[in-house]
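# compute the structure for the input listed below.
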Amino acid sequence: MASKKLLRILAVLLTLSLLLAACQPQSQTPAPQQEQSQASGGQQAAEQPQQPAAPAEPAKKIKACYVYVGPIGDLGWTNAHDVGRRYVDDKYDWLETLYVESVAEADSARFIDRFVVEEKCDVVFTTSFGYMDDTLKAAQKYPDKIFVHVSGFKRAPNMATMMADFYQIYYLNGLMAGALTKSGKVGYVGAHPIPEVLRHINAFTLGVREANPEATVEVRWLYSWYDPAKAREAAESLVASGVDVLAFTEDSPAVVQVGEEYTTQKNQPVYTFSHYSPMHDYGPNSVVSGQLVNWGLIYEDILTKIYLGIYTNKNLENVDYWGLLSGGWQLGAPSAVELGARFGEPINPKFESALKEYKITEKFLGEISIYDLIFKRIEQMRDPALLFDPFTGPINDQAGTQRVKEGQRLSYLELTTIDWFVEGVIGEPK
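Have a look, this model is predicted:
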């Protein structure tokens, strides 16, 4: 009997408690941080008055330092990198940048050490192929720092690689060069025989010979990234040998200026293709197109991911930026490379009519003008599926040996370590 009375009393009490709870004003759902605090703090924490969440502590500033192989006023490779550095430096309050210019490749280790030890840099960008081994040694020496090497292929847990590559653009310029040459002789002034430059010369030659199968590309090596006097001498020597189109890898407008002088002062048209920075104004009557880069897009992507903690000094071993027309380093990313001698103008209007008149028969597209083929190829190469690639076989080397079978393509590793010239190149790849 007593137990039944006790049960009735408990039932009444429970009913009263439910009625009282229903009459209370309902509170809002607590923030996730508060829910976590109550769950982990037990009864005592639940009884404490709720405090507003503390504001997130601002992240510390990042100090990014750049080692340049040439002067920032070279109007080529180094200038383009410095434009990219200034872009991110101006855009982000949390970012501080420093740079050192004209660092010999044999002396890069000293400057990397100085940036880490004396300047306390968090991230070091080294912007020349020849800095690769010293960058890797520094990454191993300073495992708490982050290093990014441009144009190389060696990586470590705290060392990534990046490149905005021009081989697709060089191929497009080659199409134009092959269409415009009257002599069938095209010249190329090359800086150093490294895989990057060999890849670009080969892609350029593939384009030249697609438009003009009998044309050749003669290479003159400078063994220097920046030497306007030697570049001018090499360009004039090539013109003297019968060349009427010039492309180059050297960080000045010297080759473009040679073409302009022959075209306007000597009544001997020499067509040119500029390199890395806008050079149209140095050869408005000579420069047909060129390669342009916006390094700022890649620097921004890397540095913001470091700032957000996505990239750390422990997860960079497989991080490699390979910026092509399609974006390349991540699906949907903006492309860092562009066709043209100035931004927004893929082809100098002076040469459009000649390129529209020059027609070839393409295997799948039938008869098509070089002008239309260029924009068709851009469309194909911008597609994430990469519907066309210049290094698709069959491709023979200088000796006539087939290096790429029909229907196959060179892999990323083969492109970044290439050490041979394609058929049609005159010169040694070393």
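
# what bridges to the residue most central in space within the chain?
In the chain, the centroid-proximal residue (C-alpha atoms, centre = their mean) is residue 164; its distance is 2.1 Å. Beta-bridge partners recorded for residue 164 (DSSP bridges): residue 323.

# can you list contacts of stretch 73-85?
With contact meaning C-beta atoms under 8 Å, 6 or more residues apart in numbering, stretch 73-85 is reached by 64, 66, 68-72, 97, 99, 101, 127, 150, 225-226, 250-253, 275-277, 279, 293-299. Heads up, the C-betas are built off the backbone N, CA and C, glycines and all.

# which of these fall within helices?
The helices, defined by DSSP state H, take in 295, 296, 297, 298, 299 from those.

# re the thing from before, only the buried subset of the contacts of stretch 73-85, as a ChimeraX command please.
Selecting just the buried residues from the contacts of stretch 73-85 in ChimeraX takes one command, with 16 or more other C-beta atoms under 10 Å as the test:
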select :64,66,68,69,70,71,72,97,99,101,127,150,225,226,250,251,252,253,275,276,277,279,293,294,295,296,297,298,299
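
# which element, helix or strand, includes residue 232?
Using DSSP states H and E, residue 232 maps to helix 228-240.

# residue 207 too?
Going by DSSP H and E, residue 207 is part of helix 195-211.

# grab the nearest non-local neighbour of residue 223.
residue 192 (6.2 Å; C-beta to C-beta, 6 or more residues apart in numbering).

# also residue 238?
residue 187 (3.4 Å).

# would you list the phi and psi of that neighbour?
Per-residue torsions, residue 187: phi -110, psi 150 (degrees, to the nearest 10).

# would you check that it makes contact with residue 216?
No. The pair residue 187 / residue 216 is not scored as a contact, 9.6 Å apart, by C-beta atoms under 8 Å.

# neighbour-wise, which of these two wins?
For the pair residue 187 and residue 216, the greater number of neighbours falls to residue 187 (28 against 20), based on other C-beta atoms under 10 Å.

# who does the more buried one form a beta bridge with?
residue 218, residue 246.

# quick one: residues contacting it.
Residue 187 touches 217, 218, 219, 220, 235, 238, 239, 241, 243, 245, 246, 247, counting by C-beta under 8 Å, 6+ apart.

# show me the domain layout of the chain.
Domain segmentation of the chain under automatic domain parsing yields 62-165+295-323, 167-292+337-426.

# pipe these into TSV and attach mean pLDDT per row.
Shown next, in TSV, are the domains of the chain (pLDDT from 0 to 100):
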stretch	mean pLDDT
domain 62-165+295-323	96
domain 167-292+337-426	97
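
# where does residue 371 fall, phi/psi-wise?
Dihedral angles (degrees, to the nearest 10) for residue 371: phi -60, psi -50.

# how about residue 137?
phi -60, psi -40.

# tell me the spacing between it and residue 66.
Note on residue 137: its distance to residue 66, by C-beta to C-beta, to the nearest Å, is 18 Å.

# what do you get for residue 339?
With the distance defined as C-beta to C-beta, residue 339 ends up 26 Å from residue 66.

# could you do residue 189 as well?
Plainly put, residue 189 is 26 Å away from residue 66 if you go by C-beta to C-beta.

# check residue 368 too.
Where residue 66 is concerned, residue 368 sits at a distance of 43 Å (C-beta to C-beta).

# what do you get for residue 304?
17 Å.
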